[in-house]
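In: I would like to see how this sequence folds:
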Amino acid sequence: MKKIISGAQAAIEQIIAEGVTDILSIPGEHNLPLCDTLLDYPQLRVITARTEQGLTYMSNGYSRVSHTIAVPIVISGPGVTNSLSALADAYQDSVPMVLIVTQAPLNQIGKGAFHEIKDQSATISSIVKWYKRVTCVEEIPEAIHHAFLNAFGNRPGPTAIEIPLDILTQKGHSTIYSSAIPFSLKPDLFSIEKAAQLLINAKKPVIYVGRGAVISACEKELKDLAEWLEIPCFTTALAKGVLPDNHYLNISWGGCKYGMIKTFFQQADVVLVVGSSLDDSDARRFSLKFPDKLIQIDISNENMNRDYSVSVELTGDAKTVLTQLLSEIKQHPKQNNLSTKNAIEH
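Out: Numbers count the residues shown, from 1 in each chain. Sure thing, here's the model as predicted:
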């Protein structure tokens, strides 16, 4: 139902509708209407910092730890430039954030307004996954709703909404949207069956786990699959903790730049990749060699076959795909992978 509210109210009410409980912000010249409006919503906790760089890095860490979307609110100009490094880091590591950034009034943009930079929109959009500047109050709730969907949809990452100062103070008819879960692809049954057969018949399989497993919260499903087939698991730095460090199948000893870990992959006949794009930071810079039988689970099909040839692509949420995969594997007689177990012990 539409109601007449200010732009600042529309923004805060849509943020609340998305399930947000904490706002990270530094009050400044162009975001004071938002900060003042926050006082009318005591269910929100406001966390502040000394600089926008610190604030957006706090937001980055908040999202990683809480597994929710962080919402930093910053001013235009220096607030934006101070936020760029944290946003770039979030983009690289698939950290979902929704940045609310203010802007000079619409009729002052491009005329040397206070805190104005040459092209703020281009600066932000070059760093984040999705971006939109709103030009009226009515656009605010829908834009924020889409920012949340895009922050978690497909490959997660930071998004941004730019709201001019005059739009924050104007009133208009606004519709608040209910929070929604982004659509996620599921692999076809044939691909699941093919991957299951490769793992069942493998002599020296290895599981390679990236941050996507953390985002998916598939700790139980990963552990169940690894234990059922007795497959050793290597976790990247961003996936540390998905499988307990003291688990007998965890081979993440010191990272993959050391010879012992590289040997596991060189000798493996099948590798299952869970939630890693196998990019430079995860694999390529370590000169890892994977076998021809490479299975990759990833939320985004854009991450498939980028640096390594994949024989079975399983596009979808890691938790869902691992559940499907283990269900298929359990329809076949269980085989103890003695060669793998002996390799770990020796």
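
In: Would you map the strands across the stretch 51-200 of the chain?
Out: Along the stretch 51-200 of the chain, the segments classed as strands by DSSP state E, counting those that start in this stretch run 72-74, 97-103, 130-133, 158-164, 171-174.

In: out of the ones you listed, nearest to residue 218?
Out: When the strands of the stretch 51-200 of the chain are compared by CB to CB, strand 97-103 sits nearest residue 218, at 21.8 Å. Bear in mind the C-beta positions are built from the backbone N, C-alpha and C, glycine included.

In: ok, and for that closest one, which residues are buried?
Out: The neighbour-count check on strand 97-103 (16 or more other CB atoms under 10 Å) flags 97, 98, 99, 100, 101, 102, 103 as buried.

In: if I pick the residue nearest to residue 250 when sequence neighbours are not counted, what's in contact with it?
Out: If the residues on either side of it in the chain are set aside, residue 250 comes closest to residue 243, at 5.0 Å by CB to CB, 6 or more residues apart in numbering. For residue 243, the contact set (CB atoms under 8 Å, 6 or more residues apart in numbering) comprises 209, 219, 222, 223, 226, 233, 235, 249, 250, 252.

In: The same query, at a cut-off of 10 Å, please.
Out: 207, 209, 213, 219, 222-223, 226, 232-235, 249-252 (CB atoms under 10 Å, 6 or more residues apart in numbering).

In: swap in residue 118?
Out: Residue 118 touches residue 110, counting by CB under 10 Å, 6+ apart.

In: So which helix or strand of this structure has the lowest pLDDT on average?
Out: helix 338-345 (a mean of 52; mean pLDDT, DSSP states H and E).

In: For the residue lying closest to residue 232 once chain neighbours are set aside, give its distance to residue 243.
Out: In space, residue 232 comes closest to residue 251 once its chain neighbours are excluded; the distance is 4.6 Å by CB to CB, 6+ apart. For residue 251, the distance to residue 243 under the criterion CB to CB, to the nearest Å works out to 10 Å.

In: Between these two, which contacts overlap?
Out: Common neighbours of residue 251 and residue 243, counting by CB under 10 Å, 6+ apart, are 207, 232, 233, 234, 235.

In: Now, these that are in strands?
Out: When these are checked against strands (DSSP state E), the matches are 207, 233, 234, 235.

In: So how do I select the buried members of those in PyMOL?
Out: Selecting in PyMOL just the buried members of those, where the criterion is 16+ other CB under 10 Å, is done with this command:
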select buried, resi 207+233+234+235
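
In: tell me which of the ones in strands among the shared contacts of residue 251 and residue 243 is nearest to residue 58?
Out: Each of these was checked against residue 58 using CB to CB; the closest is residue 235, at 25.3 Å.

In: Give me the local confidence score for the spatially closest residue to residue 300 that is not a sequence neighbour.
Out: Taking CB to CB, 6+ apart, and ignoring the residues beside it in sequence, residue 300 has residue 155 as its nearest neighbour in space, at 4.1 Å. At residue 155, the pLDDT value in this model is 89.

In: Let's have the buried residues of strand 97-103 in TSV, adding distance to residue 36 and pLDDT.
Out: Formatted as TSV, the entries for these read as follows, by distance: CB to CB, whole Å; pLDDT from 0 to 100:
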residue	distance to residue 36	pLDDT
97	23	97
98	20	98
99	20	98
100	14	98
101	17	97
102	13	94
103	18	92
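
In: hmm, back to that, so what's the residue nearest to residue 300 up against?
Out: If a contact means CB under 10 Å, 6+ apart, then residue 155 has 91, 94, 96, 129, 212, 215, 277, 298-303 as its contacts.

In: ok, the closest residue to residue 182 other than its chain neighbours - contacts?
Out: Computed as CB to CB, 6+ apart, the closest residue to residue 182 that is not its neighbour in sequence is residue 153, at 3.4 Å. Taking CB under 10 Å, 6+ apart, we find residue 153 in contact with 96, 129, 130, 146, 159, 180, 181, 182, 183, 184, 299, 300.

In: Of those - the most surrounded one?
Out: Counting neighbours by other CB atoms under 10 Å, the top entry in the contacts of residue 153 is residue 159, with 29 neighbours.

In: So that residue sits against residue 101, correct?
Out: No - taking CB atoms under 10 Å as the definition, residue 159 is not a contact partner of residue 101, at 11.1 Å.
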